[in-house]
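**Student:** here is a sequence with its predicted model. Questions after.
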Amino acid sequence: MRRPILMILTAVLILSGCNDSPTGTTEQLLGTWDLISVNGEQLPYQNPTPTYSVRSGSVTFFEDFRYEKVRTIEGWNVRDAQTETGSFEFDGERITMTQDATGLDYSGTATKGRVTLRPGHPSLQGVVPKYRYEK
């Protein structure tokens, strides 16, 4: 009788130490993450209509639960670095970001050294883009 109970307690202790959310803490999320791809395509990402390309980008998460997102866009006869700031919430895997200027939001996940974000609104083409960042 003692042996099965001991085995169950051992299994519970082992499983309680497991964490399937590798990012886990806010401290692990903090810092700068580089934009790697848009909609699964490596940078530079070429948007078909309207024609422009995303050349580079990053998102930085700060200790005060603020963020700064930067993208370099080329097209429409312009090369422009767009900067956006806002606040974020993080629960160990899920991220919710709210822009200061517009109140629009992004949601996503942070797992295994990767941050994936989607805006809560469609793009000009009616598609919700997917941005992937890595440290």
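**Tutor:** In hand now; what should we look at?

**Student:** for stretch 70-87, buried residues please.
**Tutor:** Under the neighbour-count criterion of 16 or more other CB atoms under 10 Å, stretch 70-87 has 70, 71, 72, 73, 74, 84, 86 buried. To be clear about C-beta, it is placed using only N, CA and C from the backbone, and glycine gets the same treatment.

**Student:** ok, which pair from those is furthest apart?
**Tutor:** Greatest spatial distance in the buried residues of stretch 70-87: 74 and 86, 24.0 Å, computed using CB to CB.

**Student:** give the contact list for the closest residue to residue 55 other than its chain neighbours.
**Tutor:** Sequence neighbours aside, residue 72 is the residue nearest to residue 55 in space, at 4.3 Å (criterion: CB to CB, 6 or more residues apart in numbering). Taking CB atoms under 8 Å, 6 or more residues apart in numbering as the contact definition, residue 72 lies against 54, 55, 56, 57, 79, 80, 81, 82.

**Student:** one step back: of the buried residues of stretch 70-87, closest to residue 119?
**Tutor:** Using CB to CB, those come closest to residue 119 at residue 84, 10.6 Å.

**Student:** what distance separates stretch 72-89 from the centre of its chain?
**Tutor:** Relative to the mean C-alpha coordinate of its chain, stretch 72-89 is positioned 16 Å out (CA atoms, centre = their mean, to the nearest Å).

**Student:** mind checking the pLDDT average for it?
**Tutor:** The predicted model gives stretch 72-89 an average pLDDT of 88.

**Student:** pull out the CA atoms of stretch 49-67 and give them to me as PDB.
**Tutor:** Presented in PDB, the C-alpha positions along stretch 49-67 are these (Å, rounded to 0.1, in the frame of the first residue of the first chain):
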ATOM      1  CA  THR A  49      -1.200  45.400 -52.500                       C
ATOM      2  CA  PRO A  50      -0.400  48.100 -51.700                       C
ATOM      3  CA  THR A  51       3.200  47.400 -52.700                       C
ATOM      4  CA  TYR A  52       5.700  47.900 -50.000                       C
ATOM      5  CA  SER A  53       8.200  45.800 -48.200                       C
ATOM      6  CA  VAL A  54       9.000  45.400 -44.500                       C
ATOM      7  CA  ARG A  55      12.800  45.600 -44.400                       C
ATOM      8  CA  SER A  56      13.400  45.100 -40.600                       C
ATOM      9  CA  GLY A  57      11.800  45.500 -37.300                       C
ATOM     10  CA  SER A  58      11.900  44.800 -33.600                       C
ATOM     11  CA  VAL A  59       9.900  45.000 -30.400                       C
ATOM     12  CA  THR A  60      11.300  45.800 -27.000                       C
ATOM     13  CA  PHE A  61       9.600  45.000 -23.800                       C
ATOM     14  CA  PHE A  62      10.400  47.100 -20.800                       C
ATOM     15  CA  GLU A  63      10.200  46.400 -17.000                       C
ATOM     16  CA  ASP A  64       7.400  49.000 -16.500                       C
ATOM     17  CA  PHE A  65       5.100  46.900 -18.900                       C
ATOM     18  CA  ARG A  66       5.700  49.300 -21.800                       C
ATOM     19  CA  TYR A  67       6.800  48.300 -25.200                       C
END
